[in-house]
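> Sequence first, then the predicted structure:
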Amino acid sequence: MSQWEEKLAIAEAVQNWAFARDFGNWNRLRALFHPDGVMTSTRFTGPAEDFIAFAAKNKTSRTTHFMGGTSARVNGNKAIAESRMILMSRTTLDGIEVDVTCYGRFYDRFVKHDGAWRILRRNAIYEKDRIEPVRPGIALKLDETELSRFPEGYRYLAYVQSRGGSKVDLGLPTPRSPALEQLYREGTQWLETR
């Protein structure tokens, strides 16, 4: 495969992840991860297999991922892909149906496994988010003290998830954060090490 074809295969895997995750095709989602794959998001960090089980049983929100462009760097059988993403979640907050929209990127470490690119580690980078009631004219009353506990990049998403009973990781990568610098540093070192 040429370098261009390798990058195209990686970008296709990124797109397939969103379709498999959002439409509940758990076997297809499982096939996109390396057997040692790890997933990190606002309310989950751990083996990909456990993430799939977590996603399959979560009935509290309806979540969709819109995937934008992917930029990939390939070094032999390893690659890093960074992909634009919009997470759209519909759920209920204090009895009001709301939409939470979060903009960010997926930062993936890929490895060649059994002849195909598989996700070894997926991290989300959260840039900004918003919340709005589904029904026009409804006023949301948010607890400003609680809201201020959450990082700016995923403040409303974390607020809604924590109100729903989830434990949310407050140290995830956001623009200009030490967590983002560390993610990039570790990713580059991993990619460049043979």
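Structure's in. What do you need?
> and residue 11, how many neighbours?
18 (other C-beta atoms under 10 Å). Using the backbone N, CA and C atoms, a C-beta is placed for each residue, glycine as well.
> Let me see the mean pLDDT of the helix or strand hosting it.
In this structure, residue 11 sits in helix 3-22 according to DSSP states H and E. Helix 3-22 comes out with an average pLDDT of 96.
> All the strands of this structure, residue numbers only.
All strands of the chain, identified by DSSP state E, fall at 33-41, 44-47, 62-75, 78-93, 96-113, 116-133.
> what would those strands look like in a markdown table with mean neighbour count?
Formatted as a markdown table, these follow (neighbours: other C-beta atoms under 10 Å):
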| stretch | mean neighbour count |
| --- | --- |
| strand 33-41 | 19 |
| strand 44-47 | 14 |
| strand 62-75 | 15 |
| strand 78-93 | 19 |
| strand 96-113 | 20 |
| strand 116-133 | 20 |
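> thinking again about what came up before, what comes up buried for the helix holding residue 11?
Within helix 3-22, the residues scored as buried using 16 or more other C-beta atoms under 10 Å are 6-7, 9-11, 13-14, 16-18, 20-22.
> Tell me the one of these nearest residue 94?
residue 22 (25.7 Å; C-beta to C-beta).
> pretty sure that closest one contacts residue 67?
No - the criterion here is C-beta atoms under 8 Å, and residue 22 misses it with residue 67 at 10.1 Å.
> residues touching the closest residue to residue 67 other than its chain neighbours, list them.
Counting by C-beta to C-beta, 6 or more residues apart in numbering, residue 18 is the residue found nearest to residue 67 once chain neighbours are left out, at 4.8 Å. Counting by C-beta atoms under 8 Å, 6 or more residues apart in numbering, residue 18 touches 65-67, 85.
> what about the chain, any weak spots by pLDDT?
Along the chain, segments meeting pLDDT under 70 span 59-61.
> how about a cut-off of 80?
Counting by pLDDT under 80, the ranges of the chain that qualify are 58-61, 194.
> middle-most residue in it, spatially?
residue 124 (4.2 Å; C-alpha atoms, centre = their mean).
> Would you check how far apart it and residue 94 are?
26 Å (C-beta to C-beta, to the nearest Å).
> Also residue 88?
Taken as C-beta to C-beta, the span from residue 88 to residue 94 is 20 Å.
> Repeat that for residue 157.
16 Å.
> Look at these two and report which has more neighbours.
residue 157 (26 against 11).
> Who are the contact partners of the closest residue to residue 66 other than its chain neighbours?
Spatial nearest neighbour of residue 66, excluding adjacent residues (C-beta to C-beta, 6+ apart): residue 86 at 4.2 Å. By C-beta under 8 Å, 6+ apart, the contact list for residue 86 reads 65-66, 68, 101-104.
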